[in-house]
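In: Curious how this folds, go ahead:
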Amino acid sequence: MPTRLYHEDLWRSLPPGLQPPALELRARFLLGAVRSGERVLDVGCGEGELAARLVRAGAQVLAVDVAEEALRRAREAHPELELRVIDAEGEWDLPDAAFDVVWAGEVIEHVADTAVWLSEARRVLRPGGALLLSTPAHGLLVRLWLALWPGAFDAHLHPLGDHLRFYTRKGLATLLAEFGFESISVKRAGRLPWRSVLLSSSRRGRF
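Out: Numbers count the residues shown, from 1 in each chain. Sure, this is the predicted structure:
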């Protein structure tokens with residue numbers, strides 16, 4: 001099945017208005033890192049809830065997704081948003097160094113070609129611009145739980161699941177450094193280890 005059709009079918013299988021995971025936690029992180037007037041690219045915007053909050057906070061936001069169904073829902077819920085579809089596998093049809101911030105909440109774990117994806121995120125950021133990410137955390141306690149709790153591994157790492165990558169704090173920080181990001185911070189947030197997220201901020205290098 002072509003990638004675009006896969007994502008469209010996945011979105012159609014989800015009920016409208018489904019609250020994104022760790023929504024308020026991610027919203028506090030995002031709104032605390034973005035200043036009014038900054039140009040923000042929301043990659044994987046889904047139904048547009050966080051993009052709409054950024055707009056209300058004074059940011060200039062372009063919200064993009066790989067699925068037209070997600071954008072249809074975002075357009076219906078938040079008609080004030082500027083929305084655009086992007087390619088799930090190749091280059092993004094966006095100009096170089098056009099954004100102060102690239103935000104991707106619960107996206108990088110779904111990406112098949114992480115190298116291309118990070119290269120595009122870096123390309124569209126201005127030098128010194130911020131890359132903000134959130135992704136499920138897979139620290140030591142989570143890995144022990146997956147190994148020891150009956151059925152946890154098969155349920156969490158299901159062969160037909162849509163999560164393709166699994167990140168630790170160290171692994172994500174190392175990956176970002178390899179792609180030319182600096183001032184890297186990766187923190188775990190959330191009360192329960194098996195439901196916690198990594199919140200990452202970094203800066204595109206000047207060169």
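
In: residues contacting the residue nearest to residue 38 when sequence neighbours are not counted?
Out: Among residues not flanking residue 38 along the chain, residue 100 sits closest, at 4.1 Å (CB to CB, 6 or more residues apart in numbering). Quick note: C-beta positions are derived from backbone N, CA and C, even for glycine. By CB atoms under 8 Å, 6 or more residues apart in numbering, the contact set of residue 100 is 38-40, 125-126, 129-130.

In: Helix or strand: which one has residue 100?
Out: Here residue 100 sits within strand 99-105, counting by DSSP states H and E.

In: Sheet-wise, list the partners of that strand with their directions.
Out: strand 39-43 (parallel), strand 125-136 (parallel) (DSSP bridges).

In: Could you identify which of those is most buried?
Out: Comparing those by mean neighbour count (mean count of other CB atoms under 10 Å), strand 39-43 ranks first with a mean of 26.

In: quick revisit: please list the residues outside the next helix or strand after the strand holding residue 100 that contact it.
Out: Elements were assigned by DSSP H and E; along the chain past strand 99-105, the next helix or strand is helix 114-124. By CB under 8 Å, 6+ apart, the residues outside helix 114-124 that reach it are 41, 43, 89-92, 94-99, 102, 104, 108, 111, 131, 165, 175-176, 179-181, 204.

In: rerun that using 6 Å as the cut-off
Out: 92, 94, 96, 98-99, 102, 111, 131, 179-180, 204 (CB atoms under 6 Å, 6 or more residues apart in numbering).

In: buried ones in it?
Out: Buried positions in helix 114-124, judged by neighbour count with 16 or more other CB atoms under 10 Å: 117-118, 120-124.

In: how about a markdown table for those residues, with distance to residue 13 and pLDDT added?
Out: Shown next, in a markdown table, are the buried residues of helix 114-124 (distance: CB to CB, whole Å; pLDDT from 0 to 100):
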| residue | distance to residue 13 | pLDDT |
| --- | --- | --- |
| 117 | 23 | 95 |
| 118 | 28 | 96 |
| 120 | 27 | 97 |
| 121 | 27 | 97 |
| 122 | 32 | 97 |
| 123 | 32 | 97 |
| 124 | 30 | 98 |
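
In: In terms of helices and strands, where is the residue of the chain most remote from its centre?
Out: Using CA atoms, centre = their mean, the residue of the chain lying farthest from its centre is residue 150. It sits 30.0 Å away. In this assignment (DSSP H and E), residue 150 forms part of neither any helix nor any strand.
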